[in-house]
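J.: This is a predicted model, with the sequence first.
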Amino acid sequence: MSEKPDIIDNPRLAPSGRRAIEAVVTAAAWAGWLYLAMPLVTLLLWGVGIRTAIVQQTMSADIRDLGRTAAWYVSVTGVFILMMEIWGIYNRRRFGKLVRRREAGIASDEETALALDVDSEAVRRAKHARKVRVSFDGSRPILEPLE
């Protein structure tokens, strides 16, 4: 039996062109989702009175008020972006090199026999058979190779 898994899921092994195409498709899907969700967001904001506040800010007679408001919005957005970038850098430094998914070791026939409370010869026969019938005598399993 092969000790390596049949399915390999390692994104770093994918060609860079494929990764780029997947990134573009993902970005396009998110953009489409945001485009479709905008009417709902607009309706919710209008319902809570945000539209009125925006109209009052943008329709003021003094263009300097609009500039100050825009500068305030840009500043707050910049602070949020900076905070998210710092958080991302922190997480990459702390968790970036950790291997979170570890492959489970393959149990030996003796370990399997001990865990199932059967003899190791029954485990070896069952391991090499194409079909195995498992029945229980009380709480103890009985392994019967069929072919």
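T.: Received the coordinates, thanks. Numbers count the residues shown, from 1 in each chain.
J.: distance of residue 103 from residue 11?
T.: Distance of residue 103 to residue 11, given as C-beta to C-beta, to the nearest Å: 17 Å. From N, CA and C alone the C-beta is placed, and that goes for glycine too.
J.: oh sorry, the question was meant for residue 27
T.: 16 Å.
J.: Sketch out the strands for this structure, chain order is fine.
T.: 132-137, 140-145 (DSSP state E).
J.: And for the last one, what's in contact with it?
T.: When you say that, I think you mean strand 140-145. 116-118, 122-123, 125-126, 128-129, 131-136 (C-beta atoms under 8 Å, 6 or more residues apart in numbering).
J.: rerun that using 7 Å as the cut-off
T.: With contact meaning C-beta atoms under 7 Å, 6 or more residues apart in numbering, strand 140-145 is reached by 116-118, 122-123, 125-126, 129, 132-136.
J.: Write the PyMOL selection for whichever of these are buried.
T.: Filtering these down to the buried ones (16 or more other C-beta atoms under 10 Å) takes a single PyMOL command:
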select buried, resi 116+118+122+123+126
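J.: can you pull out the helices in this protein?
T.: Secondary structure of the chain (DSSP state H): helices at 16-47, 50-58, 63-95, 109-116, 120-128.
J.: and residue 147, which of those helices is closest to it?
T.: helix 120-128 (10.2 Å; C-beta to C-beta).
J.: residue contacts, residue 110?
T.: Shown in contact with residue 110 (C-beta under 7 Å, 6+ apart): residue 120.
J.: when you give positions from now on, start the count at 28
T.: That works, and once the first residue is 28, the last one we named lands at residue 137.
J.: For it, give its distance to residue 66.
T.: Using C-beta to C-beta, residue 137 is found at 64 Å from residue 66.
J.: next one: residue 94
T.: To residue 66, residue 94 is 29 Å away according to C-beta to C-beta.
J.: Residue 55 now?
T.: In this view, residue 55 and residue 66 are 19 Å apart by C-beta to C-beta.
J.: what does residue 125 give?
T.: Residue 125 sits 42 Å away from residue 66, taking C-beta to C-beta as the criterion.
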